[in-house]
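A.B. asks: no FASTA, just this:
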Ligand code: NAP
Ligand code: ZN
């Protein structure tokens, strides 16, 4: 067993405490990672505040993990000590179901093992990246390209893949008009990927505050959803809407912005159910969909694509002492655009 320092939430909405936990002894296929940076995803807040229910406490959040390989198990073949690596939202899956075999491990029929706030297949709770060390099976570890700093790489492991995957799946590219709703951690990555893939990108944010930065990230157009005229101006415009918002929206209003056959894909995950009228779909053969992170091979593809196209998050590096405050700032949308914990400060 290896002792590691962590930031742990003792109960829902409690302040984080510094403590230590044990990571398991290396099994033949395991890797011990010395974590350098850990991003703060809005999902960490939904989880640590137990908004989705079923929270396992004490909880060590964090699924945007970037670090260096410190030790490898006897059968590890893909990685060696010193390699720059990342771990995202899940750390195990059955490996046998049709979805695992297809590289969609996140939809594993046995149930993917999430990086934290979950039980592994032996029934032990998983603890995430607000931690100095983590032990992960090599099949769930990805390689961080040399040209990406570990600090900017960490948010790619969730915010990056969660936006890259649906944009690819729904064919965002040349000739496609894509709207990104919400310009936070996920949204500001989505703008950059949609632009790099060749789509015409429109940002829909609540106010005009982020316009200059949206254009810098590659947006072609920017509208404030607080302005009622926006929905009239943009009616029937988009092939694809990617909704990254952490709260419920008026779905009918957004569906009205789709062309015939257009799709609204939800990645934002508010806890409360939402409603829409089926007529919003029927009258335009439209679809409403959702998407969960992305598989391991696609996560590697996303990292390589990010390195090649210079797609990186705009981050604010914080110390372990600032995490509670950072949560408050994310909730107030006062983040430009991702907080990343410097794990050395633990
Ligand atoms: P974030 O940084 O807080 O960004 C969310 C953005 O939504 C905000 O910047 C804001 O954009 C907008 N927003 C916030 N509150 C709003 C409200 N009440 N009404 C309208 N717009 C609002 O969060 P994030 O880390 O990007 O995560 C976003 C959501 O995605 C969370 O629910 C998270 O759990 C979920 N998520 C899902 C997956 C998945 O696999 N599906 C993966 C990761 C995260 P503007 O200021 O521009 O309006
Ligand atoms: Zn996340």
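C.D. replies: Arrived safely, thanks for sending. Predicted model, so just to flag it, every value in this text is computed and none were measured. Numbers count the residues shown, from 1 in each chain. Ligands and ions are numbered 1, 2, ... in the order given.
A.B. asks: so what pLDDT did the residue of the chain positioned farthest from its centre get?
C.D. replies: Distance from the centre of the chain peaks at residue 283, with 32.6 Å (C-alpha atoms, centre = their mean). On the pLDDT scale, residue 283 is placed at 96.
A.B. asks: please apply the same query to residue 201.
C.D. replies: In this prediction, residue 201 has a pLDDT value of 99.
A.B. asks: repeat for residue 191
C.D. replies: 99.
A.B. asks: next one: residue 279
C.D. replies: Confidence score, pLDDT, at residue 279: 98.
A.B. asks: same question, residue 2
C.D. replies: For residue 2, the predicted pLDDT is 89.
A.B. asks: ok, residue 313 next?
C.D. replies: pLDDT at residue 313 comes out at 98.
A.B. asks: residue contacts, the residue nearest to it when sequence neighbours are not counted?
C.D. replies: Leaving aside its sequence neighbours, residue 313 sits nearest to residue 155 (C-beta to C-beta, 6 or more residues apart in numbering; 4.3 Å). The way it works is simple: take the backbone N, C-alpha and C, and place the C-beta from them, glycine included. By C-beta atoms under 8 Å, 6 or more residues apart in numbering, the residues touching residue 155 are 39, 41, 64, 185, 189, 313, 315, 338, 340.
A.B. asks: wait, is residue 155 part of a helix?
C.D. replies: Yes: assessed with DSSP: H, G, I helix; E, B strand; the rest coil, residue 155 lies in a helix.
A.B. asks: tell me how far it lies from residue 186.
C.D. replies: Distance, residue 155 to residue 186, using C-beta to C-beta, to the nearest Å: 9 Å.
A.B. asks: for the lengthiest strand in the chain, the distance to its chain's centre please.
C.D. replies: What stands out as the longest strand in the chain, according to DSSP state E, is strand 30-40. A distance of 16 Å separates the centroid of the chain from that of strand 30-40, by C-alpha atoms, centre = their mean, to the nearest Å.
A.B. asks: what about it, near ligand 2?
C.D. replies: No: on the criterion C-beta under 5 Å from the ion, strand 30-40 is out of touch with ligand 2, staying 7.8 Å away.
A.B. asks: residue 331: what's it in contact with?
C.D. replies: So residue 331 contacts residue 45 (C-beta under 8 Å, 6+ apart).
A.B. asks: quick one: low-confidence parts of the stretch 51-200 of the chain?
C.D. replies: Low-confidence segments of the stretch 51-200 of the chain (pLDDT under 70): none present.
A.B. asks: run through the strands of it in chain order.
C.D. replies: Using DSSP state E, counting those that start in this stretch, the strands of the stretch 51-200 of the chain run over 65-72, 84-87, 90-92, 113-114, 133-137, 142-143, 177-181, 200-205.
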